[in-house]
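*Asks:* predicted model and sequence below, questions to follow.
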Amino acid sequence: MKTGIIFDMDGTLWDSAEEVAASWTEVLKKHPGVKKQLLTKQDLESVMGLTMKDIALRLFPEVSEAEQECIMDECMSYENEYLREHGAYVYDGVEETFQTLIKTYPLYIVSNCQSGYIEAFLDYYDLNRYITDFACYGDNKETKDVNIRLLAERNGLERYIYVGDIQGDYEATCKAGGEFIHAAYGFGNVDGDVIHLNSIRELPDALKCME
């Protein structure tokens, strides 16, 4: 049975909230209609895992939908440039865990991020060689459960285990017919009968328990 391990990005592989907040704050200087001109790490953490449309609605409710879309497009574009130049905080043990898992499983990423975000992460930290394929909201405007299924189908996965940090990740995985492991060191709690990781380094042993 071909089994793949699929990772979430934010709160699972890295924490880019501080860097994203800094890049978005620069963009907001060009949009005086937005009340909150200075975004913080906490602001970004509160919307991690949501789609771009929902993030805009949460952070910029006072402007029109058209302007929300414009702001988000500008933020996403500049954010990718910023992360390619500065990187972000990668959780301890990510590459070492990839090195261990790749001997047994193909590895993937599915995120609700914009196009180019996953690539910025993989390129900055030279991790492309570990990841077989990825999918994101920005590429097809599909929800996470749909993208998990699409990725599984195009890679011929008969079993897929998603590693994510928030309740929405768990619910999307269930909807997609996958299995779930909680990155409890990330941004959120999960209400479900799942394995909880205090560090990504615990993942190889957790997977052995699921064999």
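*Replies:* Structure's in. What do you need? Numbers count the residues shown, from 1 in each chain.

*Asks:* for this structure, what's the longest helix?
*Replies:* For the chain, the longest helix by residue count, based on DSSP state H, is helix 65-86.

*Asks:* how far off centre is it?
*Replies:* 16 Å (CA atoms, centre = their mean, to the nearest Å).

*Asks:* would you map the helices across this structure?
*Replies:* 17-28, 41-45, 52-59, 65-86, 94-101, 117-124, 137-140, 144-154, 167-175, 203-209.

*Asks:* quick one: closest of those to Leu107.
*Replies:* Nearest of the helices of the chain to Leu107, taken as CB to CB: helix 94-101 at 6.1 Å. Quick note: C-beta positions are derived from backbone N, CA and C, even for glycine.

*Asks:* which residues are in contact with that closest one?
*Replies:* Helix 94-101 is contacted by residues 5, 13-14, 107, 125, 127, 130, 200-201, 203-204, 207 when judged by CB atoms under 8 Å, 6 or more residues apart in numbering.

*Asks:* quick one: low-confidence parts of the chain?
*Replies:* Along the chain, segments meeting pLDDT under 70 span 49.

*Asks:* hang on, Gly164 packs against Ala176?
*Replies:* No - counting by CB atoms under 8 Å, Gly164 does not reach Ala176; the two are 11.5 Å apart.
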